[in-house]
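**Student:** with the input below, show me the fold.
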Amino acid sequence: MNVAERLAEVRTAIHRACRDAGRDAAGVQLVAVSKTFEAEHIMPVIEAGQRLFGENRVQEAKGKWPALKARFPDTELHLIGPLQTNKAREALALFDVIHTVDRESLAATLAKEIARLEDRPPRLLIQVNTGEEPQKAGVIPEEADAFIARCRDEHKLAIEGLMCIPPVDEPVAPHFGLLAGIARRNGLKALSMGMSGDYEKAIALGATYVRVGSAIFGAR
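**Tutor:** Residues are numbered from 1 along each chain as shown. Now for the predicted structure:
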């Protein structure tokens, strides 16, 4: 299948998963993960009607997305990879949604840079390291409530929701359920969870953003 056919297949699966979960499909947004793919590979997906895209690195996105967004101003760009504090200003200028607020220093830097903005700032999600993996970014679950409160009260950040990436060798449902529970008790509506291999399970557990790359673009 070509990318347009694969995109259509993913969209069909999302609608089916929403129906099975008794959810309105309008409540789940597909983020097509275009990291490592050049503009010529992204174009057919845009032409097939996809408008939300995810990138892992600020520098890579900066090299290809300004031109694409100039041509397609209704596209929405999501940062789904770790954000260095020294890239915060560039990220705020380029991305519409940042999924990976994960530490105090980054929250403070984002608050400072957002105060300088004339335009509306990107929407922000906090990354939770549900598996408490030392090599992975994100606040650990037991510290999530306090971090959310500091982001809101001390840094005055408008936090929209939470994001997680479960460990590759564990069942995903407990991690998605854990993230959904943290979101509920903190009054957060956005849940960024689920990738190519598990987005249907994520939808069943409340995902509002699913991040799908290889199922659309093919192997990297």
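
**Student:** elements contacting the longest helix along the chain?
**Tutor:** Taking DSSP state H as the criterion, the chain has its longest helix at helix 3-20. Applying 3 or more C-beta pairs under 8 Å, 6 or more residues apart in numbering; DSSP states H and E, we find helix 3-20 packed against strand 29-33, helix 39-47, helix 199-204, helix 214-217. In short, each C-beta sits where N, CA and C put it, glycine included.

**Student:** which residues are in contact with that helix?
**Tutor:** Helix 3-20 is contacted by residues 1, 24-25, 27-28, 30, 32, 41, 44-45, 47-50, 199-200, 203-204, 210, 212, 215-218 when judged by C-beta atoms under 8 Å, 6 or more residues apart in numbering.

**Student:** name the nearest residue to residue 101, sequence neighbours excluded.
**Tutor:** Excluding its sequence neighbours, the residue lying closest to residue 101 (C-beta to C-beta, 6 or more residues apart in numbering) is residue 126, at 4.9 Å.

**Student:** buried members of the contacts of helix 3-20 into ChimeraX, please.
**Tutor:** Restricted to buried positions by 16 or more other C-beta atoms under 10 Å, the ChimeraX selection for these reads:
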select :28,30,32,45,48,50,199,200,203,204,210,212,215,216,217
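
**Student:** about what we covered before: can you pull the buried residues of the longest helix of the chain?
**Tutor:** So helix 3-20, judged by 16+ other C-beta under 10 Å, has buried residues 3, 6, 7, 10, 11, 13, 14, 17, 18.

**Student:** pretty sure residue 204 sits against residue 21.
**Tutor:** Yes - with contact defined as C-beta atoms under 8 Å, residue 204 counts as touching residue 21 (4.6 Å).

**Student:** overlap in contacts, the two.
**Tutor:** With the criterion set as C-beta under 8 Å, 6+ apart, the contacts of residue 204 and residue 21 do not overlap.
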